[in-house]
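1. Quick one, what's the 3D model for this:
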Amino acid sequence: MKLWMKILIGMFVGLIAGSILGPKAELLKPVGQIFLNMISMLIIPLIFSSMAVGITSIRDTRKLGRVGMKTLALYLGTTAVAICIGLFFAYLLKPGINVGFTSFKQVSEQSYGELAGFSELILNIIPSNPFEAFTSGNILQVIVFAVFLGLAIQFTQKKYEPLLNFLESVSEVMYSLTNIVMKFAPIGVFAIMASVAGTFGLSVLIPLAKLLGTIYLASLVQFFVLFTIILVFMCRLNPIPFFKGMVEAIVLAFSTSSSSATVPVTIHCVMHNLGVPKSIARFVIPLGSTINMNGTAIFQGIASVFVAQMYGIDLSLQSLIIIVVTATLSAIGTAGIPGAGFLILSMVLKSVGLPLEGLALIFAIDRLRDMVGTVVNIVGDAVVAVYIAKSEGELDVKQYQDSHILALENSEL
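-> As a prediction, the model looks like this:
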């Protein structure tokens, strides 16, 4: 049986087990956490080595600048569009009207922490100590350091070969280690889904079903409409092979709710199923896991309007523009881990003066909305990778068209 099928079975069996066990399913949470920890231990060395090697693989510095600019422009553009889609559906369906709750628990600082302002965010992009960035798990700083290291290697000529060979070896070993860890994915996904199903019952979800439905509907529009438009009109490709080739990454993203944890599988899918060359895949995908948060952006827009409607606050056009700009820029600092987008939401609410108490209610469905949001995030990364490869004339179109066959052959990772 293929790995993605095992993961799907683990997900559905976990849902059934959680529904039966109820709160007792929380006992399975450590098993799921062990699996997530196993993936987390891969993220920093994998992203660092992949980014550095990916940059050095593009020998032409002019091409590197061109690829980087196109990648950033498309990431920020699709994120801004995602927020607008979220705002549109929030005003169309009005999920915050007549919610039926009269009081909300105050959100504590201990629960959600403090978020840096934009100036501090910009200052924190450059690591003063790269080793501290590694140990603290600051992925954005690790990526910046990897970019500078890759550029330095580019300009060092022949003396760079020992270091480059080392980084390439680390990258390959991390991919092999990923293959080993992924063997435990069905068990880990089963435990995660069981604990989620046991914790969040239908009685909690019913009052919030409209909000969750709005998020899912907007995400589906981003997923099937915007991404299809990019593939058809910008890439001149049939979108069906793309979605078939991304099945493994989609299933893992939905079950783990972690863009960063899905990075190895996303890179695997775009390289082996969709025909994106290694140099582009290992540059675009790790970068996207940190700064491209389409699914999270949709949530930011809908949740902001939801809180405003819940409290009877009318948002002006200026407030809506501030939401779009704030959420787009804050996505750059969003870690690709479960619940990170929820932290950023408090920054967005503060930017337009909305009460943070509304976060407590939204938290009840945060994990469920994060599942579809993560899928949109990683598929957005893959769409950009395909576009960059196609625009650079490096996409293996035949491999892309045969992705439905290759996905089955490679699904054992």
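2. buried ones in the host helix or strand of Tyr216?
-> Per DSSP states H and E: Tyr216 is located in helix 209-221. Buried residues in helix 209-221, defined by neighbour count with 16 or more other CB atoms under 10 Å: Lys210, Leu211, Leu212, Thr214, Ile215, Tyr216, Leu217, Ala218, Ser219, Val221. In this view, the C-beta of every residue, glycine as well, is placed from N, C-alpha and C.
3. outside of the helix or strand that that helix is followed by, which residues touch it?
-> Once helix 209-221 ends, the next helix or strand along the chain (criterion: DSSP H and E) is helix 227-229. Residues outside helix 227-229 that contact it (CB atoms under 8 Å, 6 or more residues apart in numbering): Pro239, Val379, Gly380, Val383.
4. Show me what the mean pLDDT comes to for helix 227-229.
-> Across helix 227-229, the average pLDDT comes to 96.
5. Show the subsequent helix or strand relative to that helix.
-> Per DSSP H and E, helix 227-229 leads on to helix 239-245 as the next helix or strand towards the C-terminus.
6. Could you name the helices and strands sitting against that following helix?
-> Packing partners of helix 239-245 (3 or more CB pairs under 8 Å, 6 or more residues apart in numbering; DSSP states H and E): helix 366-391, helix 397-401, helix 403-410.
7. export the helix or strand hosting Ser255 as PDB, just CAs?
-> Using DSSP H and E, Ser255 falls within helix 247-256. C-alpha atoms of helix 247-256 as PDB (Å, rounded to 0.1, in the frame of the first residue of the first chain):
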ATOM      1  CA  VAL A 247      -1.400  14.400  -3.400                       C
ATOM      2  CA  GLU A 248       1.200  13.200  -0.900                       C
ATOM      3  CA  ALA A 249       2.100  16.700   0.200                       C
ATOM      4  CA  ILE A 250      -1.500  17.800   0.400                       C
ATOM      5  CA  VAL A 251      -2.400  14.800   2.700                       C
ATOM      6  CA  LEU A 252       0.500  15.400   5.000                       C
ATOM      7  CA  ALA A 253      -0.200  19.100   5.200                       C
ATOM      8  CA  PHE A 254      -3.800  18.600   6.000                       C
ATOM      9  CA  SER A 255      -3.000  16.100   8.800                       C
ATOM     10  CA  THR A 256       0.000  17.900  10.400                       C
END
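8. May I have the phi/psi pair for Phe148?
-> Here is the backbone geometry of Phe148 (degrees, to the nearest 10): phi -60, psi -40.
9. confidence score at Ile7?
-> On pLDDT, Ile7 comes in at 76.
10. Going forward, the N-terminal residue is numbered 461.
-> All right, first residue 461 from here; so that's Ile467.
11. count of neighbours near it?
-> 23 (other CB atoms under 10 Å).
12. Quick one: residues contacting it.
-> So Ile467 contacts Ala645, Pro646, Val649, Glu708, Val711, Leu712, Ser715 (CB under 8 Å, 6+ apart).
13. For ChimeraX, what selects the buried ones among these?
-> Here is the ChimeraX selection string for the buried members of these, based on 16+ other CB under 10 Å:
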select :645,646,649,708,711,712,715
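14. Now flag whichever of the contacts of Ile467 is closest to Ser509.
-> Leu712 (20.7 Å; CB to CB).
15. Identify the residues contacting that closest one.
-> Ile467, Ala645, Val649, Ala721, Thr722, Val725.
16. Now do it against Ile652, distance only.
-> 11 Å (CB to CB, to the nearest Å).
17. Kindly state the pLDDT recorded for Ile613?
-> 83.
18. Could you count how many residues lie near the nearest residue to Ser851 once chain neighbours are set aside?
-> Nearest residue to Ser851 in three dimensions, chain neighbours excluded: Lys530, at 6.7 Å (CB to CB, 6 or more residues apart in numbering). The local packing of Lys530 (other CB under 10 Å) involves 16 other residues.
19. ok, now Ile838?
-> 31.
20. And the one 4 residues further on, by the same measure?
-> Number of residues near Ala842 (other CB under 10 Å) recorded here: 27.
21. what inclination does the helix holding Tyr676 have with respect to helix 826-851?
-> 10 degrees (axes from the mean of the first three to the mean of the last three CA atoms, to 10 degrees).
22. which residues touch helix 669-681?
-> Counting by CB under 8 Å, 6+ apart, residues outside helix 669-681 touching it are 545-546, 548-550, 553, 555-556, 665, 755, 758-759, 761-763, 766, 822, 825, 828-829, 832-833, 835-836.
23. Flag the shaky bits of the stretch 611-760 of the chain, pLDDT-wise.
-> For the stretch 611-760 of the chain, the stretches flagged by pLDDT under 70 are 617-618, 660-667, 750.
24. Isn't Val723 up against Pro746?
-> Yes. Under the criterion of CB atoms under 8 Å, Val723 makes contact with Pro746 at 6.1 Å.
25. what do those two both touch?
-> Leu506, Ile507.
26. Closest to the geometric centre of the chain, which residue is that? Let me know.
-> Geometric centre of the chain, nearest residue: Ser719, 3.4 Å, by CA atoms, centre = their mean.
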